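J.: dropping the sequence and predicted coords here.
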Amino acid sequence: VFAANCNKWIGQAGFSVDSLSEVEIPLPDIEIQHQIVARIEALLSEVREMREINQRIIGDTRQLLGAFLNQIFENLPGKENKPIDEVGFVKGGKRLPKGENFAIQPTPYPYLRVTDFRNFGIDESDLRYLTPEVHAQIRNYIISDQDVFISIAGTIGLVGTVPTHLNGSNLTENAAKIVFRPEYQDKIKNKYLMYFLASPQGKKQIEARTKAAGQPKLALERIKTITFPYIDSIIQQELIIEKIEAVQSEVTEMLRAQQADETLINQLEESILAQAFQGKL
């Protein structure tokens, strides 16, 4: 009752701390209060332990994909380490021209920012768009669905590809794209390179090339020197991608279940407090 009334009053305009003096609190004798407090603390201690265990499980689950990627790329038969510069061009994005803003309504010209990046893809829930006039000014700084993007400022090292319907989107200056050279366009799957860059080996190289000068930034020239395990078989690359995505799907489902458990644990904590002050413990 106390919590419900507080929530109700806090939501009202003009609520003041003085209003708390009007709240009625059930006040049993001191011995019963001690018993209630001891019971609450014992139950909440169990809830905290449950939460800690669940958080450890979530942390371990998040590391599963990285461990699998590490195993895949470390034990790859017939691999030949090649620098990215040998197989592709590394090109930057472009910021909005000075004084220009995003379009008010969606247009055919999406502008992809680092905040839209999710590892391996794009979160389309809050996309920004350019007017035709602004797009015309920076039309050379677009990304294809055959490229690989990598964030180079802010959150560094997010990698992914864009879906077909976002092919030709403008790309932020805080990201780079890897465009395969003509002679390699039919020899490398973009997701194969993407998953390597997301692996522990790839991340290690990215971190080593991230230079802190005020704000950390990953220079385009340094991306070119990253090496990856090239294999001269599209079929083998596709099989690797298929295996990785199967594991990724399982990990996603596991995390979804564990996050649902986290919600239940939070609800249990609230229920314990509510029942305690209703005399139901």
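T.: Right, received. Where do you want to start?

J.: drop to CA atoms for contacts and neighbour counts, all remaining ones
T.: Fine.

J.: going on from whatever helix or strand V37 lives in, what's the next piece of helix or strand?
T.: For V37, the host element (DSSP states H and E) is helix 30-74. Downstream of helix 30-74, the first helix or strand assigned by DSSP H and E is strand 80-83.

J.: roughly how far is that next one from the heart of the chain?
T.: 28 Å (Cα atoms, centre = their mean, to the nearest Å).

J.: can you start the count at 15 instead of 1 from here on
T.: With 15 as the first residue, the last one maps to strand 94-97.

J.: average pLDDT across the helix or strand that comes right after that strand?
T.: Remark: after strand 94-97, the chain's next helix or strand is helix 98-101, criterion DSSP H and E. Averaged across helix 98-101, pLDDT comes to 98.

J.: whatever helix or strand E256 lives in vs helix 44-88, what angle?
T.: Secondary structure from DSSP H and E places E256 in helix 248-290. If you take axes from the mean of the first three to the mean of the last three Cα atoms, to 10 degrees, helix 248-290 sits at 180 degrees to helix 44-88.

J.: let me know the pLDDT of F29.
T.: Reported pLDDT for F29: 53.

J.: same question, G228
T.: G228 is given a pLDDT of 62.

J.: what of N133?
T.: pLDDT at N133 comes out at 74.

J.: flag the shaky bits of the stretch 165-295 of the chain, pLDDT-wise.
T.: For the stretch 165-295 of the chain, the stretches with pLDDT under 70 are 226-228, 293-295.

J.: actually, the stretch 15-164 of the chain.
T.: Scanning the stretch 15-164 of the chain for pLDDT under 70 picks out 15-35, 37.

J.: can we see that at 80?
T.: 15-42, 74-76, 133 (pLDDT under 80).

J.: need the three-state assignment for N184.
T.: What DSSP: H, G, I helix; E, B strand; the rest coil gives for N184 is strand.

J.: any figure for the gap between V51 and Q251?
T.: From V51 across to Q251, the span is 60 Å (Cα to Cα, to the nearest Å).

J.: in terms of neighbours, single out the busier of these two.
T.: Remark: of V51 and Q251, Q251 carries more neighbours, 20 against 12, as counted by other Cα atoms under 10 Å.

J.: residues near the nearest residue to the more buried one once chain neighbours are set aside, how many?
T.: Excluding the flanking residues, the one nearest Q251 by Cα to Cα, 6 or more residues apart in numbering is Y206, at 6.2 Å. By other Cα under 10 Å, 22 other residues sit near Y206.

J.: kindly report the same for A56.
T.: A56: 11 neighbours (other Cα under 10 Å).

J.: element containing I192?
T.: strand 189-194.

J.: show me what that strand is packed against.
T.: strand 102-106, strand 162-165 (3 or more Cα pairs under 8 Å, 6 or more residues apart in numbering; DSSP states H and E).

J.: need the residues that contact whichever helix or strand comes after that strand.
T.: As assigned by DSSP H and E, the chain's next helix or strand after strand 189-194 is helix 204-212. Identification of contacts with helix 204-212 by Cα atoms under 8 Å, 6 or more residues apart in numbering yields 80, 83, 87, 133-134, 160-162, 171-175, 216-217, 220, 242, 251-252, 254-255.

J.: one more pass at 6 Å, please.
T.: Contact with helix 204-212 is made by G174, G216, as judged by Cα atoms under 6 Å, 6 or more residues apart in numbering.
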